[in-house]
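Chemist: quick one: sequence plus predicted model below, questions after.
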Amino acid sequence: MRSDRIRLTHGNEGEEIISLTVLPSEDGALIKDLLRGAMRLSSTLLKKVKHGGVSVCGTAVTMRRLVHSGDVIEVTLPREESEGIPPIFIPLRVLYEDDYILAVDKPTGMPVHPSRGNSLPTLANAVMAYMGEGFVFRAVNRLDRDTSGVVIIAKNQYAAGILSTDMKGGKFEKYYEAILSVPPREPCGIIDAPIEREGEDSMKRAVRADGKRAVTEYRVREILPDGRAVCDIRLHTGRTHQIRVHMAHVGAPLYADFLYGERVEGECYTLRACRICLPHPTTGEMIEIKAV
């Protein structure tokens with residue numbers, strides 16, 4: 001996809017307007033095929049614009065309209081209501097930003113999103129203060145409260161649909177660093193073991209035959225003087241608590257992991273999302289975002 005083909009602007013009411021110019025090779029194509037293909041609109045967004053949200057050269061059209069070379073397709077996405085997350089001015093380390101993506105370095109001990117019973121300031125609160133009134137917080141990837149590192153936030157609903165699809169489709173490369181209580185028996189390997197909730201009402205996960213497939217690749221980088229191990233990890237799937245469950249499964253739980261290892265008074269486990277590689281939602285080019 002050429003980066004100069006897709007443009008994002010905003011209307012007077014805050015609605016997103018996505019435009020694309022038809023190429024000679026697309027002459028005579030159905031507009032719905034270009035919305036799904038070149039523009040990569042998600043099924044959810046296609047439903048939103050099906051009735052009156054699509055125009056060609058300024059005239060509203062149906063999804064079955066044929067387009068011609070040089071035509072400009074405009075898709076108007078209705079404004080979304082903000083969730084009402086209050087802004088809290090917290091120092092925010094921005095790793096990358098453009099019109100579509102905001103990537104930040106989430107600190108340890110900070111939840112990503114407000115939840116019932118949680119009074120801690122969250123990453124969402126900090127991002128709302130950074131982005132300003134009316135912003136809709138859309139975290140593409142989630143990290144546990146005590147896991148630090150790269151969090152990708154979509155700055156608009158168009159980017160959110162593409163980024164979510166690409167992550168679910170395995171196009172994100174996610175790398176972590178962890179400190180293990182002991183080194184695993186093998187210094188490197190791939191753990192391919194399904195994960196499911198330990199019980200219906202439990203927050204704890206376990207390797208279970210009836211679980212969803214989960215794949216973790218690891219390599220021990222260093223053995224510390226006290227016997228702990230620094231481990232580089234790549235996730236090939238994204239199950240809840242996947243790294244913590246898998247490393248405990250091979251006998252090397254994260255150090256101070258209260259849920260899957262041994263609690264250490266006054267200490268927290270070390271797990272850091274240090275790098276994510278992902279295709280940009282409009283250009284398709286791979287970008288690398290590091291939290292070092």
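Modeler: Nice, I can see it. Since the model is a prediction, treat every value here as computed from it, not as a measurement.
Chemist: quick one, what contacts residue 241?
Modeler: 144, 195, 204-205, 259-260 (Cβ atoms under 8 Å, 6 or more residues apart in numbering). (Glycine included, C-beta is placed from N, CA and C.)
Chemist: would you mind splitting the protein into its domains for me?
Modeler: 6-77, 175-273 (automatic domain parsing).
Chemist: closest to residue 91 out of the ones you listed?
Modeler: Evaluated over these, closeness to residue 91 peaks at domain 175-273, with 17.9 Å, by Cβ to Cβ.
Chemist: so for that closest one, mean pLDDT?
Modeler: The average pLDDT within domain 175-273 is 96.
Chemist: repeat that for stretch 159-171.
Modeler: Mean predicted lDDT for stretch 159-171 stands at 95.
Chemist: buried residues of that stretch, list them for me.
Modeler: 159-164, 166-167 (16 or more other Cβ atoms under 10 Å).
Chemist: and stretch 190-200, by the same measure?
Modeler: Across stretch 190-200, burial judged by 16+ other Cβ under 10 Å covers 191, 193-196.
Chemist: what's that stretch in contact with?
Modeler: With contacts defined as Cβ under 8 Å, 6+ apart, stretch 190-200 is touched by 204-218, 236, 239-242, 245-247, 249-250.
Chemist: so which of the residues you listed belong to strands?
Modeler: Taking DSSP state E, the ones among those that sit in strands are 205-207, 215-218.
Chemist: need the contact list for residue 177.
Modeler: Applying Cβ under 8 Å, 6+ apart, we find residue 177 in contact with 230-233, 270-272, 274.
Chemist: and which of these is nearest to residue 92?
Modeler: residue 272 (17.1 Å).
Chemist: give me the sheet partners of the helix or strand hosting that closest one and which way each runs.
Modeler: If you go by DSSP states H and E, residue 272 is part of strand 271-279. Partners of strand 271-279 in the sheet, by DSSP bridges, are strand 148-154 (parallel), strand 173-180 (antiparallel), strand 286-290 (antiparallel).
Chemist: what comes up buried for the last one?
Modeler: The neighbour-count check on strand 286-290 (16+ other Cβ under 10 Å) flags residue 289 as buried.
Chemist: could you point out which residue ranges in the stretch 51-200 of the chain have low pLDDT?
Modeler: Applying pLDDT under 70 to the stretch 51-200 of the chain flags no residue at all.
Chemist: that one: strands as residue ranges?
Modeler: Here the stretch 51-200 of the chain has its strands, by DSSP state E, counting those that start in this stretch, at 54-56, 59-60, 72-77, 94-97, 101-106, 148-154, 173-180, 188-192, 195-197.
Chemist: re earlier: hmm, which of the contacts of stretch 190-200 are the buried ones?
Modeler: Neighbour counting with 16+ other Cβ under 10 Å marks 205-207, 211, 214-218, 236, 239-242, 245-247, 249-250 as buried within those.
Chemist: nothing else from me, thank you.
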